[in-house]
Every structure is written in structure tokens, then in C-alpha cells.
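Chemist: coords please:
(chains A and B)
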Amino acid sequence: MDNLSTRRYIIFALIALVFLVFIGRLFSIQVLSTEYARKADNYVIKTKPVLPPRGNIYDRENRIFVSNEPMFNMLITPAELQIPDTSAIVEILGISSAEIRAWLDKAPYRKESVFARYIDPETYGRLQERLWNAQGISFAASTKRSYRYEVGANILGYISEVSQAEIDASEGALIPGDLIGKAGIERSHDTTLRGIQGVKKVLKNVHNREVGSYADGRFDQDPVKGKDIILGIDTELQAFGEELMQGKKGSIVAIEPHSGEVLAFVSAPTYNPSELTGRDLRTNWRRLRNDTLNPLYNRPLMARYPPGSIFKIPVALAALNEGIITPETYYKCGGGFWRNRGKPGCRMHATPLKLETAIKVSCNAYFAATYMDFLHSDHFEEGFYQGYQTWYDYMSQLGVGHKLSVDLPYEVSGLLPTTDRYDRWYGHDRWVATTVISNAIGQGEILMTPLQMANMVAIVANRGFYVPPHFLVAERSSADEDWTSLHYEQVQTTIARPHFETVIEAMESVVAEGTARRAYLSKWAVCGKTGTVQNPHGKDHAVFIGFAPKERPRIAVAVVIENAGGGGSWAAPTAALMMEHYLNEGKIEDKTYELQRVRQARFIPGL
Amino acid sequence: MNRKRLDFDALTILLYFGLVLLGWMTIYAVTSVNGDVWYDFSTIHGKQLIWIGLGTLIGGIILSLDHRFLEALSYVFYAAAIALLVLVLVAGKEVNGAKSWLIIAGQPFQPSEFAKLATAMALAKYMSRMGFSMYDWKQFVVAAGIVLTPASIVILQNDTGSALVFGAFLIVFFREGLNPLVPLLLIFTGAVAIVTLWCGEPLYVSGGLAALGLISYRIVYERRSWLRLAVIHALAVLLFAGLSFSVDFIVGKLKPHQQIRIEVLFDPGKDPQGAGYNVIQSKIAIGSGGLTGKGYLQGKYTKYKFVPKQETDFIYCTIGEEWGWLGASFVLLLFLGLLGRVQFLAENAKTRYARIYGYSVLSIVFFHVLVNVGMTIGLVPVIGIPLPFFSYGGSSLLAFTVLIFILVNLYSYRASVLGSKV
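Modeler: The predicted structure is shown next:
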């Protein structure tokens, strides 16, 4: 028995060994390893983004342009879903049972995800009533963009949910479900308008249900509201412009010359910005995308046209400044450019004629001669190439064929061919002024956007400088703060002021007694130039650029109406209406006849 | 009555109440919701309070009984326990796949908990009779039968976990003179199986066994019987190598849920949503406690039910999370203290019955702690048996209470026996 009673020590030693191993194991997972603590936090603490309200957009008169409307999102956790009354969803939201099932099949089972967006407060109330005893459903506050004037869709753009590619590119700034600007101002000023996401840490249980705030919110971060912004747009003028462009394809761009602020930016045909908000966004976007009239196409920014006769203005300015011509230089017309076997052709103007008359009657022969003398001028010691390059530089200064870096996405540059480009087309030294003579009258290879046309006439109105055209004028962080104006640098051209005065005198006579008499306003001196752009595909495009009043100009306008024919008959009166509306505080008293005429005109075939 | 009044072992009773109190506090931490009062008897912690009161009452009654009365009733209890186990087989209620519950007066009741107690008493009774010897073949078979009969019925109930507890009686047999080779071989068998599962390549294990055989032969080498010794060693190596090769086959014979529980022990990531889930979650809960824990009632991880069966089988997680390494180790040391004291009582009790019974208590409590705590820290496969005094549940708490208090009762007579001798 003595032998057996020693076994007690073996037994206790074994038991003690087991406990020692356990304590050691506990030490390793509790004290030595931090992995488990980290995992526990990940499971228990849920970091919820708190979305800031997007900034409001105001117009130049401080009228609210875009604001936010309260909405609700409906979230579902499939694992917990119990709906005694499924018909509520079907009836109220108009989502079929099949769609619900399809969504449930795709959604993550244990996680909460957005089932339906943009439920308005009234519908939300009805849903709440019917779904009071449902489980696994929750609602979260959200907002929708709301448009007071329902104009300017091409300016404002729209917001929608981020794509995976955008999330990947944002380096953590965006998460699934975020709304970002996809076009227009909403896109170009997205970071300003979006604000900074806040963070809320909440405790959750194993069912992912929130059970309270973490550490009394000590680690929470409040969201920073998106900034409010003011655009230079005059919403009334914009609405008026869109009304004038009903039934037409084309653009109106109006700029305040001394500031570069865009007053109106009409693209026709357009759409109602409210169509690209809320639950119907996708459907409507697809419909607009497939529309043959292409309402999503931002014409003032993206459409490129040969400028036509309005291009005689920059050609004249360059030639005057370079000393090729003076206001008293006479050229022969004779119904065509005689030095190039009558091309380009012209009307039989009283010949010879000087610059002012040439602009007033839009004489092709005069500017062909001017252009040819410019390029082949003797004072370019290196010859023709230097001549073309000098001319090219003048045109560039006036914004032709270059992006103006306006604060809207997808701007195109137009076209102003370089010497290299012509060399590639024709071969080095195998082209001369007569080869590119159509450039003189804006019918060659030159392509301009309506925005560039408006900017060019703004330079004329300013007698030599411009502020790059822009929409954003001021911003503020909150409603309690004052607006901070943004500063834009002036760009000075090398063209001397007297040459502008010469051209402006001529432009005034264009309106007073020339091709643009329909643009005449009795109360303000309007200066302008018409253009009729030959269109190989159909009827000519009508173009007009102009500004008013002549002294201290307040508005510069470019109008392009596709397939409308002569610039004088349609583009000029449209521009004049815009000017009168703006200068006369929204009233049309002078051009009432033209208002009727333009309103009723339809230039889209089959409309 | 030949004992001094109230001469009970205070330390055991103190340890018992200490563990029960900590157990109740932990249950409260797990199940209470803000605004609960601790004495609300409709809550789980409130119900446990009733069980604790009932246990204290029954403990008191047991202490007032004469030890001869208890000894005399051993076989009666045993017969009753077997009858109840059979009854469960016929009329039991199935919970989590095991048919091991009876509903008595609206309360669920698990007879297998009491079968352990009854077995301990019957075994003590049989092995303490005059002339009992472990080396008597027939008597050994009867003693083994006393343990294996309830174990087999419990297996039939599909409650493998509870059945395994009966294996703990091996400690009792060892203490009473079982050839040490038997537990040694069992331990070695287990070790070979674990090593094979762990390294997954029976061939290497066999190589290791051969090397081990050679070394052990060199150590016990005797010139005169070298051939016989060599044959024995060779046979042993072959036997264990055979075992190593058939481990996969044997595991394959287990039920699927048992197989996966063994597999996740070696690789918890294997089935993170299923069998591995409990182990992963309980390790996270315990591991997140750190050195000193998150503080009482601050265990968010266990509070929000990330670990399943939080108030019963996995209650140790809450201790680990809220009280950290210090608290978790302290609880283990309390158990070790209780086990040590139980062994002390067993060794110093003056009847053979008391010693054998005491070792039975030691074995049962030790096995429960080993398996329960072991599974929460990923050292033992998940086997659903409660942590004594901690896990919520009346049957378990009452069974362990009776187990301990009978031993305290038995020990209280040592003075009288001593006195009669002197």
C-alpha cells in the first residue's frame, strides 16, 4: 500500500501540469498576442460613415439654384428579414416580388445594404405604417438634389452613386453608396460641394445590430458640410435662353466681359435636371443617352463649328496690329477673291472698299486679301512660315482652338492647325496662303466652340483682355459665414486698344445698318458680327457674336443655331433678346416682334 | 453519532462558495441587460440564484446526514440512476441532437449528471468492500462494469461528451492499484494519434516510433533476456505504427460533427462559419481580455453574443474577456486549489470508501475543467460539457454540489475513526 499511496503525487503532478499548460496558453493568447484584441474590436466596433449634406448652389442674384430635399433610404439585412406584409413594398414602392427576390439573392446575407433609395417623406410614412412589425428593415436619412428652376441641366450635371473604379481611385475618400458628381458643376466642384465624411463608432452585437455608441462618442468625428457656392449664372436669363432655343439645336453663351463670369450657358436640346435625380435616374439617363437629339451633349463646350464670318473680326484685329492693313486700306471685291481665281466667292460689293465697310457687309474678298497679305508679308524675314506662325499666335491669344479651362468637365479645344499640321497634310513648303485661304473667312480647317466664340467677343468688348470664362464665383463653408469671392487672373492680349476701337465701330454699324439689323436695340448700342456657316450635311448654321452696350459692355453673347440658315435672321435676334433681357432686368419691351418670331421658329427636322 | 459538531472542512466549503459566487457573477455579466435587477427570477441569472439557494439547502441536508446512511444507499442511488438513464432513452427530450433531458415539473433535468455521482458512490462502495483487489480478475471486471454501464447508456443517448467523463474514473483505478502500464499505454496511444493528426504523415510517425523503440530498448537492455525484450519492443513499435496508419480510418468512423471538431482543433480556419466558429470566437473573446481584462460587465464581445452558448459551455470566455489573464488564471488556480483540497480530503479520510469516493470527485471535476477550459482556448476538441459551478444549469450545479458536500460529510468522520483507534 505504501507503494500505491505515492501515486497521489503522480496524480496531482499531472493535474497541476495541465493547469500550468492552460495558464501558459492563456498568457500567449491574452498577453503576448494582440491579434485577438484587434479582431474583437473589428467585430464589435462598427465604424459608420456619416454623410455630410451636399452644398447648395446659388445663382449670381443669390437665388437658390440647387438645394437638397430630405429623402430616406431603405436598408435590409437579409439574414434577419421578416416581413409579415410583403405587399406593402410591392404596392408602395412599386417593386415586384420577383425583383425583391433577385435583390435578396445578390445582397450580402448578414450585412445591411441599401434596398431602395430616395423614398420621399410621405412614402416613407406610409411604409412605416405598414412595416411596423417587420424585422431586418431599417431606414436611413438621405437627400436628393432639388432644382428650383429646372434649368441649366448641362451646367449643373448630376450626382449618382460612385462606381467601383471611382472608389479604387479615391484612396479611401469614397466608400460604396457615396454620391458624387458625374457631370457638370457637380463633377468639376465635387470635392467642394461634397464636404468631408464624418465617422461614428457604434457597438454592434453578433447580429450586426447597433446597441449603442462607443466610448460615449469620444472617437466620433462630425461630418463637415459641403460648401455652398455661387455661380455666375443668371437663372432667369438661363431660363429665358432655354425657352428661346426650344425646337432648335445649338448654343447660347453669355459672358460678363470684364469678369469672365458666364451668365448663361444654353445647350439645346436639353433636359430637365430633375430627371437625373432620385429613383428614376438610371432609366431616364438611359433614355436620354439613346435620344437621337442627344440632350446629354453639352454643345457650348463640346460642339465644334467652323466659325464662319465672325472670324473676320480676329483676322482684322491681327492684321491691324501687325500693320498689314490700316482702317484706310482698300481692297477690290468684284464678287470674289480675284488673286485666287475668284475664290472664295463674294457678293458684288461696291468696290474698292475699306475695313469698316468690309466688316459691315461681310466681304469675303476683302479678308481673303488681308489674310494673304498677312501670311506673305515682306516684313516676316523668315518668310511665309513666320507669317503663318505670327497669325497662329494672334488667334491663340484670342482663344481660338485652345481649351479655356472653364470649370466644367469635358471641354474640347476646337481646332487651329499648326504649321506642322499643314506640313503633314500638304508637305513642307508645299502650301501657301491660297491653300488655306478659307481660314480668312472662318470656313477652312478652323473649328471653334460656342464658348470660344463668346470669349472672343468678350475680348473685343474689353478692348484687349479677358478673364478666362468661369462659373464658380464665390463659396462659403456654412450659412453663417460670409461668401469668399474667388479671384481670376486677367489675361492681356498684345493687340493695341485702338485696333479694337476700329473693329468695334465697324461692329456697331453691322448692327445699325449691316447684316445684323435684327439685333438692334434702341436703348443700348449693340455691336456684333453675323456668320453663316456652310454645312455640307444640310442647311447652313446661323452664328452671331456681339456685346452691349458699346461703352462699358455688360454682356457678350455668342449664338449658334444649327440648320437655321443666315446668322442675321435667327442668331442675331436671339442674341439681342438675351441682351435686352439681361440689360432691361428681365423685361422684353423692344424686341417683342423678334421674341414671337424666335419662339415659334423650329429648326429640328420632324419636330 | 461519533463526530464533533460541525467539524466540516471549512476550506473546501469556502472554495465551493467562492467558485459558485464567481460563477453567478459571470452569468450575470453575460445575461443581464441594462435595467435588470439581480433578483429578477424570470431572468437566467435570477434562475441560477434559485439553483444556488437550492444547492445550499441540499448541501446542508447532506451534511446533517450520517455517513453510514449515505454509504448504505450507494447501490440504491446507482440503480435509480441507471433506471433514469434508461427512462431518458425511452421518454427523453432531444436537445442539440442529444436525447439526454427529462422534463420534471416543467424543469429540464439531465440524469447523466447524477449518474456520475451515483457511479462514484457505487464504485466506492464496491471497491471498499473487504477483500477487494484490483488484481482479482472478476472483481476488476465488476468494478469496470459499474463505470461502463452508465457510460454506454449515455452514449446511446447520443451524448458522447457526458459519456467521456466516465473515462475519468481511470484516475481512481490508477490510485487503487491499476497496473500503471494501462494508463501509460492509453496516454501513449492518444499521443501517437494526436501527433499523426498534427503532422498528417503516418510514415514519419512510424519512423519516429521505431527510433523511440530502439532508444528505449538500449535504456532497459538486459543481457539475459535481450531477445524477449527486443521482440516486445518490435511488437510495440509495430502496434503503434499500425495505430498511426489507421488514425484516419478511425476518425473516418466518427460522426461527421465529431470529425470536424477534431479537424478544427488543428486548423480552426478550416470551417470558420461552422465548427471552427466557436473556437475562433471564444479565442478572440478570451484573447481580447489582455493582462487585466476589460473590467466586470465590460466584456462587449461576450455580451453581444459573439460566442455561442455563452452562459453554459463557453462561460469561461467571459471570465477571460472581463478579468484578463490575471482573472482567468486566478479562476484556474481556485479550481486547482479545490482539486488539491479534494485530494487531501480523500487521502486523509480514514475509510476506504471515502478515499475512493474522493478520488472519483477529483476525477470528475478535473475532467470537466480540462475539457471545458481546454476547448475554449483551442487545446481540446469542442465537447459540450459544463464548467463546474460556473455554467448555467440546475442539473449540473446541483450534481456538483452534492458531489462535493458528500465528500465533506465523509471527511468529517475522520476524527471519530481516529479516536476509536487510539
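
Chemist: So in chain B, which strand runs the longest?
Modeler: Of all the elements of type strand in chain B, the one with the most residues (DSSP state E) is strand B:98-104.

Chemist: In terms of secondary structure, what does that one contact?
Modeler: For strand B:98-104, the contact count by 3 or more Cβ pairs under 8 Å, 6 or more residues apart in numbering or on different chains; DSSP states H and E identifies helix B:67-91, strand B:93-95, strand B:107-109, helix B:111-127 as packing neighbours. For every residue, glycine as well, the C-beta is placed using N, CA and C.

Chemist: Any chance of these in TSV with mean neighbour count as columns?
Modeler: Supplementary listing: those in TSV, determined by neighbours: other Cβ atoms under 10 Å in any protein chain shown:
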stretch	mean neighbour count
helix B:67-91	16
strand B:93-95	12
strand B:107-109	15
helix B:111-127	25
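
Chemist: Mean pLDDT lowest where, among these?
Modeler: Averaging pLDDT over each of those singles out strand B:93-95 as the lowest, with a mean of 74.

Chemist: name the helices or strands packed onto that strand?
Modeler: Under the contact criterion of 3+ Cβ pairs under 8 Å, 6+ apart, strand B:93-95 touches strand B:98-104.

Chemist: can you pull the buried residues of the strand it packs on?
Modeler: B:98, B:99, B:100, B:101, B:102 (16 or more other Cβ atoms under 10 Å in any protein chain shown).

Chemist: who touches residue B:293 in this structure?
Modeler: Each residue near residue B:293 by Cβ atoms under 8 Å, 6 or more residues apart in numbering or on different chains is listed here: B:299, B:320, B:321, B:322, B:323, B:324, B:325, B:326, B:327.

Chemist: Tell me the spacing between residue B:127 and chain A.
Modeler: As judged by Cβ to the nearest Cβ, to the nearest Å, residue B:127 and chain A stand 13 Å apart.

Chemist: My read is that that residue contacts residue B:143, right?
Modeler: Yes: under the contact definition of Cβ atoms under 8 Å, residue B:127 touches residue B:143, with a separation of 5.7 Å.

Chemist: Around chain A, pick out the residues from the stretch 51-200 of chain B.
Modeler: Within the stretch 51-200 of chain B, the positions near chain A by Cβ under 8 Å from any Cβ of the partner chain are B:171, B:174, B:175, B:176, B:177.

Chemist: related to what we said a few turns ago, walk me through which strands the longest strand of chain B pairs with, and which way each runs.
Modeler: Applying DSSP bridges, strand B:98-104 is found paired with strand B:93-95 (antiparallel), strand B:107-109 (antiparallel).

Chemist: Now do the SS call for residue B:263.
Modeler: When the structure is split into helix, strand and coil by DSSP: H, G, I helix; E, B strand; the rest coil, residue B:263 lands in helix.

Chemist: most surrounded residue in the contacts of residue B:293?
Modeler: Compared across the contacts of residue B:293, residue B:321 has the highest neighbour count, 34 neighbours, by other Cβ atoms under 10 Å in any protein chain shown.

Chemist: Go through the strand or helix carrying that residue and flag the buried ones.
Modeler: Assigning secondary structure by DSSP states H and E places residue B:321 in helix B:316-348. With burial defined by 16+ other Cβ under 10 Å, the residues of helix B:316-348 counted as buried are B:316-329, B:331-332, B:335-346.

Chemist: Of all residues in the stretch 201-350 of chain B, which one is closest to chain A?
Modeler: For the stretch 201-350 of chain B, the residue positioned closest to chain A under Cβ to the nearest Cβ is residue B:287, at a distance of 2.3 Å.

Chemist: and that residue, how many neighbours?
Modeler: Using other Cβ under 10 Å, residue B:287 has 28 neighbouring residues.

Chemist: quick one: the helices in the stretch 201-350 of chain B?
Modeler: All helices of the stretch 201-350 of chain B, identified by DSSP state H, counting those that start in this stretch, fall at B:202-220, B:226-253, B:256-266, B:275-287, B:300-303, B:316-348.

Chemist: How about the stretch 201-350 of chain A?
Modeler: Using DSSP H, counting those that start in this stretch, the helices assigned to the stretch 201-350 of chain A run over residues A:235-244, A:281-290, A:299-302, A:312-321.

Chemist: that older thread, using CSV, please lay out the strands paired with strand B:98-104 together with distance to residue B:82.
Modeler: Putting the strands paired with strand B:98-104 into CSV (distance: least, Cβ to Cβ, whole Å) gives the following:
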stretch, distance to residue B:82
strand B:93-95, 19
strand B:107-109, 16
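
Chemist: how about these, which one is nearest residue B:12?
Modeler: Closest approach to residue B:12 among the strands paired with strand B:98-104 (Cβ to Cβ): strand B:107-109, 26.1 Å.

Chemist: Mind listing residues that contact that closest one?
Modeler: Defining contact as Cβ under 8 Å, 6+ apart, one finds that strand B:107-109 is touched by B:93, B:95, B:101, B:102, B:103, B:394, B:395.

Chemist: mind checking how far it is from the chain centre?
Modeler: If you compare the mean C-alpha spot of strand B:107-109 with that of the full chain, they lie 21 Å apart, counting by Cα atoms, centre = their mean, to the nearest Å.

Chemist: Tell me which residues of the one helix or strand residue B:197 maps to come out buried.
Modeler: Mapping residue B:197 onto the secondary structure by DSSP H and E places it in helix B:181-199. By 16+ other Cβ under 10 Å, the buried positions in helix B:181-199 come out as B:183, B:188, B:192, B:193, B:195, B:196, B:197.

Chemist: And for stretch A:291-300, what's in contact with it?
Modeler: Residues external to stretch A:291-300 that are found in contact with it (Cβ under 8 Å, 6+ apart): A:153-154, A:183-184, A:249-253, A:265-271, A:285, A:288-289, A:303, A:408, A:410, A:449-451, A:454, A:560, A:604.

Chemist: thinking again about what came up before, residue contacts, the residue of the stretch 201-350 of chain B closest to chain A?
Modeler: Contact criterion Cβ under 8 Å, 6+ apart gives A:29, A:30, A:33, A:35, A:36, A:37, A:39, A:40, B:320 as the residues in contact with residue B:287.

Chemist: and the gap between residue A:355 and chain B?
Modeler: Applying Cβ to the nearest Cβ, the value for residue A:355 to chain B is 85 Å.

Chemist: and the spatially closest residue to that residue that is not a sequence neighbour, how many neighbours?
Modeler: Excluding its sequence neighbours, the residue lying closest to residue A:355 (Cβ to Cβ, 6 or more residues apart in numbering or on different chains) is residue A:327, at 5.2 Å. Counted with other Cβ under 10 Å, the burial measure for residue A:327 works out to 16 neighbours.

Chemist: same question, residue A:74
Modeler: Neighbourhood size, residue A:74 [other Cβ under 10 Å]: 22.

Chemist: Residue A:110 too?
Modeler: Burial measure for residue A:110: 12 neighbouring residues, criterion other Cβ under 10 Å.

Chemist: same question, residue A:26
Modeler: The number of residues packed around residue A:26, counting by other Cβ under 10 Å, is 24.
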